[in-house]
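1. Sequence plus the predicted model coming up.
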Amino acid sequence: TWWSSEEEFRFFESFCVMILCGLALLFDYLKTALQAWVTEHDHAHKYTDVAAFYAALFSRASSELMVLGFLAFTVWTTSRTGGFDAIVGALPTGSNCGADS
């Protein structure tokens with residue numbers, strides 16, 4: 001292992017979580033600023049259908065990114081807590097999960 005004590009590992013892990021939270025806040029801020037820009041652009045020009053399209057597209061894309069982030073966090077948490085090992089342990093020995101061999 002690269003760490004010499006458990007405290008070093010905990011510090012690094014906490015630091016990584018703080019960085020990820022900061023990045024999530026930055027992403028949310030940028031999303032809000034871009035949505036405000038699109039709304040302002042909609043009023044400056046008379047392309048309401050184009051601005052509405054980009055606003056809806058941006059909303060869907062940011063929602064998709066948040067869902068993907070949640071899924072990645074869930075997989076990471078399950079991996080770190082030994083959830084996948086528990087699932088494998090719960091499967092019958094010699095099980096091929098219904099796959100034909």
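-> Perfect, I can see it now. Numbering: from 1, shown residues only.
2. what about Ala36, distance to Ala72?
-> Plainly put, Ala36 is 28 Å away from Ala72 if you go by Cβ to Cβ, to the nearest Å. Every C-beta, even on glycine, is put in place using the N, C-alpha and C of the backbone.
3. For the chain, which segments are assigned as helices?
-> 6-44, 48-80, 83-90 (DSSP state H).
4. May I see these arranged in CSV, with mean pLDDT and mean neighbour count as well?
-> Shown next, in CSV, are the helices of the chain (pLDDT from 0 to 100; neighbours: other Cβ atoms under 10 Å):
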stretch, mean pLDDT, mean neighbour count
helix 6-44, 78, 12
helix 48-80, 79, 12
helix 83-90, 81, 10
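5. Spatially, what comes nearest to the spatially most central residue of the chain if we skip its sequence neighbours?
-> Centroid-nearest residue in the chain: Gly69, 0.8 Å away (criterion: Cα atoms, centre = their mean). Spatially, and ignoring its direct neighbours in sequence, Gly69 is nearest to Ala24 (7.4 Å; Cβ to Cβ, 6 or more residues apart in numbering).
6. cool, and Tyr54?
-> Closest to Tyr54 by Cβ to Cβ, 6+ apart is Val38, at 5.6 Å.
7. pretty sure the one you found contacts Phe53?
-> No - assessed by Cβ atoms under 8 Å, Val38 is found out of contact with Phe53, at 9.8 Å.
8. re earlier: so the residue nearest to the centre of the chain sits against Leu23, correct?
-> No - contact between Gly69 and Leu23 fails when scored by Cβ under 8 Å: they sit 9.6 Å apart.
9. intersection of neighbour lists for these two?
-> In terms of Cβ atoms under 8 Å, 6 or more residues apart in numbering, Gly69 and Leu23 are not both contacted by any residue.
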